[in-house]
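>>> sequence and predicted structure below; questions after.
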Amino acid sequence: MSLRHYIPPFGWALLILLLSSLPSDNLPGSSINGIDKAVHFVLYLLLSHMLIVAFKKQIRFPSLRFNCILIAITISVCYGVFVEVLQGTIFVSRSIELLDMFANSMGALAGVLSFRLVYGNLKS
């Protein structure tokens, strides 16, 4: 089984975890209201997009290819909730925010749309 297709989403997930683990005073501030929600949205949009691509490219597990959207969204949403829980329990000066979880989930769903925009029909 070739794992090379999973390197980009795995690396991206690690980057999300790293950024989410930084103390909030180490993050750049912005005067734009709600920019952090937009960042969450984009991070998880890209994660789900990359997961769909990886699942579509692998050929060993046909059910994974067939159910790539549902699996990618499920993984992305669960990962977003997991990271938020870590922020509220383990990471220093971070907290759980339901709006962040919502932005993560909406980004994960939008990853399907971005995949369709880039690659077209999922059947091919």
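Yep, it's here. Residues are numbered from 1 along each chain as shown.

>>> can you give me the helices for the protein?
7-21, 35-57, 62-66, 68-89, 98-119 (DSSP state H).

>>> what packs against the third one?
Contact partners of helix 62-66 among helices and strands, from 3 or more CB pairs under 8 Å, 6 or more residues apart in numbering; DSSP states H and E: helix 35-57. Placement of C-beta: from N, CA and C, glycine included.

>>> mind checking how far the helix it packs on is from the chain centre?
Centre-to-centre, helix 35-57 and its host chain are 4 Å apart (CA atoms, centre = their mean, to the nearest Å).

>>> could I get the buried residue list for it?
Within helix 35-57, the residues that qualify as buried are 36-37, 39-41, 43-56, counting by 16 or more other CB atoms under 10 Å.

>>> pLDDT at the residue nearest the centre of the chain, what is it?
Nearest to the mean C-alpha position of the chain, counting by CA atoms, centre = their mean, stands Tyr44 at 2.9 Å. Predicted confidence (pLDDT) for Tyr44: 98.

>>> which one is it nearest to, not counting chain neighbours?
Gly107 (3.4 Å; CB to CB, 6 or more residues apart in numbering).

>>> for the one you found, give me its contacts.
His40, Phe41, Val42, Leu43, Tyr44, Leu45, Leu46, Leu47, Ser48, Ser76 (CB atoms under 8 Å, 6 or more residues apart in numbering).

>>> tell me how far the nearest residue to the second one once chain neighbours are set aside lies from Phe66.
Across the structure, with CB to CB, 6+ apart as the measure, the residue nearest Phe41 apart from its sequence neighbours is Gly107 (3.9 Å). If you measure Gly107 against Phe66 using CB to CB, to the nearest Å, the figure is 23 Å.

>>> flag every buried residue along stretch 3-14.
His5, Tyr6, Pro8, Pro9, Trp12, Ala13.

>>> tell me the spacing between the second one and Leu117.
Read it as Tyr6. Distance from Tyr6 to Leu117, by CB to CB: 22 Å.

>>> hmm, who's touching the worst-scoring helix or strand of the chain on mean pLDDT?
Within the chain, no helix or strand scores below helix 62-66, which has a mean of 88 by mean pLDDT, DSSP states H and E. Outside helix 62-66, the residues that touch it by CB under 8 Å, 6+ apart are Phe55, Lys56, Gln58, Ile59, Ile71.
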